[in-house]
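Q: sequence plus predicted model, see below.
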Amino acid sequence: MNSTTESPSDAIATVRVIPGGPVCGSIRPPGSKSLTNRALLMAAFGRGTSQLEGALVSEDTHVMTDSLRKIGVDIESQDAGRTLVVTGVQSAPKSDSPFDLYIANSGTTVRFLTAALSALGGNYILSGVPRMHERPIGDLVDALSPVVEGRIEAVSEGGCPPVHIQTSGWAKHELSVAGSVSSQYLSGLMMAAPLASRRSNQPVTIRVVGELVSRPYVEMTADAMQVFGASVELQWPMAAQSDVAGQGDVLVQISGDYDAIGWSIEPDASAASYFWAAAAISGGDVTVKGLSRAATQGDVAFVDVLEMMGCQIEEGDDSIRVIATDLPGGQLGGVDVDMNAISDTVQTLAMVALFANSPTRVRGVAHNRFKETDRIGDLACELRKLGATIQEHDDGMTIHPLSEPAVSEGNPVRLDTYHDHRMAMSFSLAGLRLGGIEIENPACTGKTYPNYWSDLEQLIGRAHHWTAE
Ligand SMILES: O=C(O)C1=C[C@@H](OP(=O)(O)O)[C@@H](O)[C@H](O)C1
Ligand SMILES: C=C(OP(=O)(O)O)C(=O)O
């Protein structure tokens, strides 16, 4: 076993975070994945040249930029990719054969591109890693099939990628989509709408049939579209109407087009959750810079959950600080919380919950089973390896305080990450308190946070232990 401060490459087999005292300090996470991929898409099809500052450089944004470049969008990269200068295209790229676009395991990329390219027109095949070919996109394809001039198909079993698109755009301007599996379908359709309006000169109306998960991401889409100059009217059903057929539906009306803009992208709030949780778990005090409660990203609400558990939250002009040095009764309390709106932070919360003095019930996240991995079943399986008692529910889980850990420095336990960046980053938090946690394939954080391990080392002030293959 060796100790180094370098970020892991694929040759690194495991990482161990060395437990220690309170984590105190401040950090600015890299740019938001969700905002970077939205901004790239709208700039790519906007009128003129946009400049995006503070962009995320990671696998999920690489596959978006690579795909856009492949179809003729000019993207100039400056400052190691953190500044992107994007010149938009307005018409379908010409090619005799389909454009083969590789989207790895990026949900935003495949869902946003599927909708946008079907509206732009052209011939494309979008494919990714094996897990991507198990992640549903059928509801989006079903929404587009009656609307496109041409054909669109998700060819893997159960309506999953690869996606084959051959269209000359949308022939209609009214669509219905289901939103119970992912909000990215609706976000994709919303962002594609201005491309369709260009041809028809008509506003586009989208109706969401039934439940819609991850609402803040749809609000983020609407906000970002407006920044780029499109007009978006989002109507949320009143609670009292939601039992009446057809009247409980979310309705979106979109008109206008995308202009070229200069835009500064917020730091990633889901990434920030690990640092806020590090304070909570270790009895520390951590400030995340560049985010406030007014951020466009719903995941800043993770600090509200930590507040319910007993942490103190302090908001600065451009920062949020989590203080856990003086918890009531000296301990975190368990919570019963609906995380439908902030589902990417469930794994983070699960780690904090292990160190609370009462159980934590997470509700409303059945859609977490369709992400990079089954983030309910697989998470429960790994937590049990640590000796935790976990109850799995259809819509979430109950995490009991870890009274007798089955892991220690002398009795190490290897945790699988399932190629899920959020598994790896979350497990590092348990490592702040428990010796012997070996996290397999730490390089998988590259999906959204390639420098996670070195940033964590810097914040906690001690090096991790790495083992090579
Ligand atoms: O629109 C987005 O940028 C995202 C929406 C969420 O997905 P779901 O809508 O599938 O929950 C989230 O989990 C994902 O990381 C990013
Ligand atoms: C669910 C996630 O990503 P995506 O759906 O964009 O692949 C995530 O980043 O946690």
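A: It's in. Numbers count the residues shown, from 1 in each chain. Ligands and ions are numbered 1, 2, ... in the order given.

Q: check which helix or strand covers A196.
A: helix 184-200 (DSSP states H and E).

Q: again but with H419, I slipped
A: Assigned by DSSP H and E, H419 belongs to no helix or strand.

Q: chain center to whichever helix or strand V209 is part of, what's the gap?
A: Assessed by DSSP H and E, V209 sits inside strand 204-212. With C-alpha atoms, centre = their mean, to the nearest Å as the basis, strand 204-212 stands 21 Å off its chain's centre.

Q: what helices or strands is that strand leaning on?
A: Packing partners of strand 204-212 (3 or more C-beta pairs under 8 Å, 6 or more residues apart in numbering; DSSP states H and E): strand 174-179, helix 184-200, strand 250-255. (Glycine included, C-beta is placed from N, CA and C.)

Q: rewinding a little: by how many degrees do the helix holding A196 and strand 250-255 diverge?
A: 30 degrees (axes from the mean of the first three to the mean of the last three C-alpha atoms, to 10 degrees).

Q: ok, back up a step: is any part of the helix or strand just after the strand holding V209 close to ligand 1?
A: Downstream of strand 204-212, the first helix or strand assigned by DSSP H and E is helix 215-227. Yes. For helix 215-227 and ligand 1, the contact criterion (C-beta under 6 Å from any ligand atom) is met by Y217.

Q: return the helix or strand in the chain with minimum mean pLDDT.
A: Sorting the helices and strands of the chain by mean pLDDT, DSSP states H and E puts strand 2-4 at the bottom, at a mean of 42.

Q: about what we covered before: buried set for the strand holding V209?
A: By 16 or more other C-beta atoms under 10 Å, the buried positions in strand 204-212 come out as V204, T205, I206, R207, V208, V209, L212.

Q: next one: stretch 440-452 to chain centre, how far?
A: For stretch 440-452, the distance to the chain centre is 14 Å (C-alpha atoms, centre = their mean).

Q: and if you look at stretch 58-74?
A: For stretch 58-74, the distance to the chain centre is 18 Å (C-alpha atoms, centre = their mean).

Q: quick check: buried residues in it?
A: S58, E59, D60, T61, H62, V63, M64, T65, S67, L68, I71, V73.

Q: would you pull up the residue in the stretch 251-400 of the chain closest to ligand 1?
A: Residue of the stretch 251-400 of the chain nearest ligand 1, by C-beta to the nearest ligand atom: D344 (4.6 Å).

Q: list phi and psi for the residue of the chain at minimum distance from ligand 2.
A: When scored by C-beta to the nearest ligand atom, the chain has G107 as its residue closest to ligand 2, at 2.5 Å. Torsion angles at G107 (phi, psi; degrees, to the nearest 10) stand at phi -60, psi -40.

Q: who touches it in this structure?
A: Counting by C-beta atoms under 8 Å, 6 or more residues apart in numbering, G107 touches R135, S182, Q184, K371.

Q: just I137 next, same as before
A: By C-beta under 8 Å, 6+ apart, I137 lies in contact with V110, R111, T114, A154, G159, C160, P161, V163, Y185.

Q: strand 174-179 and the strand holding V209, what's the angle between them?
A: 20 degrees.

Q: what strands line up against strand 204-212, and which way round?
A: Sheet pairing of strand 204-212 (DSSP bridges) gives strand 174-179 (parallel), strand 250-255 (antiparallel).

Q: residues contacting that strand, please?
A: Against strand 204-212 from outside (C-beta under 8 Å, 6+ apart): 170, 173-180, 183, 186, 189-190, 193, 196-197, 218, 249-255.

Q: could you give the average pLDDT over it?
A: On average, the pLDDT along strand 204-212 is 96.

Q: stretch 188-198 too?
A: 97.

Q: same deal with stretch 274-294?
A: Mean predicted lDDT for stretch 274-294 stands at 98.

Q: I figured K447 was touching D60, is that so?
A: Yes. Taking contacts as C-beta atoms under 8 Å, K447 lies within contact range of D60: 5.6 Å.

Q: overlap of the contact sets of these two?
A: Common neighbours of K447 and D60 (criterion: C-beta under 8 Å, 6+ apart): A104, S106.

Q: that older thread, mind putting the strands paired with strand 204-212 into a markdown table with mean neighbour count?
A: Shown next, in a markdown table, are the strands paired with strand 204-212 (neighbours: other C-beta atoms under 10 Å):
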| stretch | mean neighbour count |
| --- | --- |
| strand 174-179 | 19 |
| strand 250-255 | 19 |
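
Q: can you lay out those strands as JSON lines showing mean pLDDT?
A: JSON lines is the format used below for those (pLDDT from 0 to 100):
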{"stretch": "strand 174-179", "mean pLDDT": "98"}
{"stretch": "strand 250-255", "mean pLDDT": "97"}
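
Q: columns distance to ligand 2 on top of these, output as a markdown table?
A: Output for those, formatted as a markdown table (distance: least, C-beta to the nearest ligand atom, whole Å):
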| stretch | distance to ligand 2 |
| --- | --- |
| strand 174-179 | 14 |
| strand 250-255 | 20 |
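
Q: JSON lines for those, including distance to E314?
A: What follows is the strands paired with strand 204-212, written out as JSON lines (distance: least, C-beta to C-beta, whole Å):
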{"stretch": "strand 174-179", "distance to E314": "35"}
{"stretch": "strand 250-255", "distance to E314": "34"}
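
Q: identify whichever of those lies nearest to V129.
A: The closest of the strands paired with strand 204-212 to V129 is strand 174-179. By C-beta to C-beta, the value is 24.7 Å.

Q: quick one on the thing from earlier: hmm, the helix holding A196 in reach of ligand 1?
A: Yes. Counting by C-beta under 6 Å from any ligand atom, ligand 1 is contacted by helix 184-200 at Q184, S187.

Q: what of stretch 326-338?
A: No. Using C-beta under 6 Å from any ligand atom, stretch 326-338 never reaches ligand 1; the gap is at least 13.7 Å.
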